[in-house]
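Asker: Fold the following, please.
(one chain, ligands or ions: 1)
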Amino acid sequence: MAKTPPVDSRTSLDPEDWESLRAQGHRMLDDILDYIEGIRNRPVWQPIPDEVRERFRSELPRTPGPLADVHGEFMRLVLPYATGNVHPGFMGWVHGGGNPAGVLAEILAAGINANLGGRDHAPIEVERQVVHWMRTLFGFPETASGLFVTGTSMANLIAVLVARAATLGTGVRRKGVRASAKRLTAYTSAAAHGCIAQAMDLSGLGVEALRIIPTDDHHRIDIGALTAAIRADRAEGAAPFLVVGTAGTVDIGAIDDLAALAEVAESEKLWFHVDGAFGALAILAPELAPRLVGIERADSLAFDFHKWGQVPYDAGFVLVRDGRMHRNAFAAPAAYLRRETRGLAAGSSWPCDFGPDLSRGFRALKTWFTFKMHGTERIGRAISHNCELAQYLKSRIEAAPELELLAPVQLNIVCFGYRSADANRVNAEIAIALQESGIAAPSTTTIGGRLAIRAAIVNHRTEKRDIASLIPATLALGAERRKSAAA
Ligand SMILES: Cc1ncc(COP(=O)(O)O)c(C=O)c1O
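Answerer: This is a model prediction of the structure:
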């Protein structure tokens with residue numbers, strides 16, 4: 001490669017010595033790949049010691065320091081105290097495990113430092129290709145639009161804003177919701193994620209305009225109760241406008257009857273949104289895909305590649321059936337964003353016309369790499385395997401008299417508890433002790449007023465042995481607590 005002229009180190013942030021930067025970069029890459037390759041030899045999670053936490057209190061650096069020293073600090077202070085979701089024993093919340101192709105793509109994305117708000121460049125074409133793949137995967141028409149966002153919380157908010165503009169007209173963007181006499185009401189189930197209520201709040205419609213519909217025995221929205229609520233609201237003069245179904249509820253992984261919801265939405269003329277944060281990508285697993293029938297009829301769909309897509313954080317996504325409506329809910333002319341038919345300002349519409357972000361990173365690249373390297377079949381197999389492991393965990397719980405299942409196991413989430421007179425306290429303590437043991441990291445939730453240890457199996461690295469080691473660890477921790485209660 002031709003030698004580049006030396007940089008002025010007083011003003012440029014590029015190195016004077018590219019060779020040593022390159023060598024340091026290779027060490028950093030090796031270290032992070034070693035971390036992933038050897039992840040099983042580490043505890044899933046460990047608490048941050050006080051002296052390490054203290055190191056993050058140092059002042060803003062004023063003078064330059066060697067990159068090797070910063071890397072050393074990362075290796076000592078950050079890497080050992082991460083959440084642990086790369087580890088196969090991580091089962092808390094709904095965290096994906098990431099994958100090496102995504103890691104490497106992140107380096108490339110940072111290198112070209114693309115801003116995907118708009119303009120005419122290949123990174124935008126990468127994002128458009130992923131949008132096209134998702135349209136095809138979920139059976140949406142060619143006119144549907146899609147957008148990478150931080151996560152499903154943001155994707156759900158965007159969907160609510162599009163539904164709001166579709167119902168009230170785009171004038172709502174200028175006049176606000178108060179200018180309309182319509183009392184918009186939305187519907188979702190008691191098992192829906194809290195970010196749906198938050199989206200109602202942020203959109204100015206208000207949390208109280210969200211009707212919480214009870215669930216059936218399978219934790220799915222009760223369709224009869226939903227239609228009764230819609231009719232009662234109409235009779236009272238309210239204006240039902242949106243129904244949100246969930247594909248994979250956060251607590252137990254239930255999938256609403258999406259086909260029935262699509263019917264209700266059609267006959268009641270409601271916007272039909274699906275929150276498929278993790279469950280939507282179950283469409284890649286042939287035996288699970290039939291449970292998502294109806295998703296192809298949604299007006300909008302939110303999901304995350306960073307969960308079951310195994311793309312490194314963050315990579316949320318929203319798909320909207322009517323791309324024109326989506327654009328109308330966000331696009332705003334600005335002189336400094338003028339579009340052209342040629343040159344760098346060509347290629348309109350731009351992603352910034354479909355959401356609130358103008359500066360946007362290249363989330364699409366790590367997703368594109370992940371899909372191109374592994375293909376949908378392999379990602380689908382990992383999803384199927386997670387669900388098989390959930391069934392295995394269920395069978396181990398059923399075989400242990402000290403343990404009880406607290407919810408049906410429908411997908412990849414298992415909610416269980418150690419039987420005890422003081423079960424809520426004991427199970428909260430067991431979950432913390434499991435995390436601190438470094439063996440496994442489940443989280444907790446509450447099912448019907450009872451605190452459950454919740455194992456959400458999302459990581460493609462998780463194997464039977466990881467599930468197997470969770471059981472004796474839970475039993476030992478439960479027995480310890482039983483003994484100390486008896487003493
Ligand atoms: C059903 C559901 N909806 C929404 C979310 C929020 O997604 P995110 O954390 O990507 O914003 C989650 C997160 O687990 C979820 O499970």
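Asker: What parts of the stretch 51-200 of the chain come near the ligand?
Answerer: By C-beta under 6 Å from any ligand atom, the residues of the stretch 51-200 of the chain that approach the ligand are 94, 151, 152, 153, 193, 195. Just so you know, the C-beta spots here come from the backbone N, C-alpha and C atoms, and that holds for glycine as well.
Asker: The third one and residue 136: what is the separation?
Answerer: Spelled out, that is residue 152. Residue 152 sits 21 Å away from residue 136, going by C-beta to C-beta, to the nearest Å.
Asker: returning to that earlier point: out of the residues of the stretch 51-200 of the chain next to the ligand, who has the most neighbours?
Answerer: Highest neighbour count within those, by other C-beta atoms under 10 Å: residue 152, with 27 neighbours.
Asker: Name the nearest residue to that one, ignoring sequence neighbours.
Answerer: Spatially, and ignoring its direct neighbours in sequence, residue 152 is nearest to residue 277 (3.9 Å; C-beta to C-beta, 6 or more residues apart in numbering).
Asker: my read: that neighbour touches residue 248, true?
Answerer: Yes - using C-beta atoms under 8 Å, residue 277 is in contact with residue 248, at 6.5 Å.
Asker: For the residue in the chain positioned nearest to the ligand, list the residues it contacts.
Answerer: Nearest to the ligand in the chain, going by C-beta to the nearest ligand atom, is residue 151, at a distance of 2.5 Å. Contact analysis of residue 151 by C-beta atoms under 8 Å, 6 or more residues apart in numbering lists 277, 304, 306, 314, 316.
Asker: now for these, which pair is the farthest apart?
Answerer: Among the contacts of residue 151, the pair separated by the greatest distance (C-beta to C-beta) is 277 and 314, at 12.3 Å.
Asker: overlap in contacts of the two?
Answerer: 151, 304.
Asker: Give me the three-state assignment for residue 319.
Answerer: strand (DSSP: H, G, I helix; E, B strand; the rest coil).
Asker: was I right about it contacting residue 295?
Answerer: No - with contacts counted by C-beta under 8 Å, residue 319 stays clear of residue 295, the gap being 10.0 Å.
Asker: and for these two, which residues touch both?
Answerer: With C-beta under 8 Å, 6+ apart, residue 319 and residue 295 have common neighbours 138, 301.
Asker: Helices of the stretch 301-450 of the chain, residue ranges please.
Answerer: Assigned by DSSP state H, counting those that start in this stretch, the stretch 301-450 of the chain shows helices spanning 323-328, 363-399, 423-437.
Asker: mind listing what's buried in the first one?
Answerer: What it means is helix 323-328. For helix 323-328, a neighbour-count test (16 or more other C-beta atoms under 10 Å) marks 323, 325, 326, 327, 328 as buried.
Asker: likewise the second one?
Answerer: Applying a neighbour-count criterion of 16+ other C-beta under 10 Å, one finds 363-371, 374, 379-387, 389-390, 392-394, 396-397 buried in helix 363-399.
Asker: What average pLDDT does it get?
Answerer: The pLDDT scores in helix 363-399 average 98.
Asker: hmm, that helix touching the ligand?
Answerer: No - using C-beta under 6 Å from any ligand atom, helix 363-399 stays clear of the ligand, coming no nearer than 12.1 Å.
Asker: If you count contacts, what does that helix end up packed against?
Answerer: The elements that helix 363-399 packs onto, with contact taken as 3 or more C-beta pairs under 8 Å, 6 or more residues apart in numbering; DSSP states H and E, are helix 100-112, helix 122-137, strand 145-149, strand 403-405, strand 413-418, helix 464-486.
Asker: between it and helix 100-112, how many degrees?
Answerer: 150 degrees (axes from the mean of the first three to the mean of the last three C-alpha atoms, to 10 degrees).
Asker: how far does helix 363-399 sit from the chain's center?
Answerer: On the basis of C-alpha atoms, centre = their mean, to the nearest Å, helix 363-399 sits 15 Å off its chain's mean C-alpha point.
Asker: repeat for stretch 236-247
Answerer: Centre-to-centre, stretch 236-247 and its host chain are 24 Å apart (C-alpha atoms, centre = their mean).
Asker: Tell me the buried residues in that stretch?
Answerer: For stretch 236-247, the buried set under the neighbour-count rule, 16+ other C-beta under 10 Å, comprises 238, 240, 241, 242, 243, 244, 245, 246, 247.
Asker: ok, residue 410 touching residue 253?
Answerer: Yes - between residue 410 and residue 253 there is a contact at 5.3 Å, judged by C-beta under 8 Å.
Asker: okay, these two: which has more neighbours?
Answerer: The residue with more neighbours, out of residue 410 and residue 253, is residue 253; 28 against 19, by other C-beta under 10 Å.
Asker: Tell me if residue 274 really is in a strand.
Answerer: Yes - counting by three-state DSSP, residue 274 is part of a strand.
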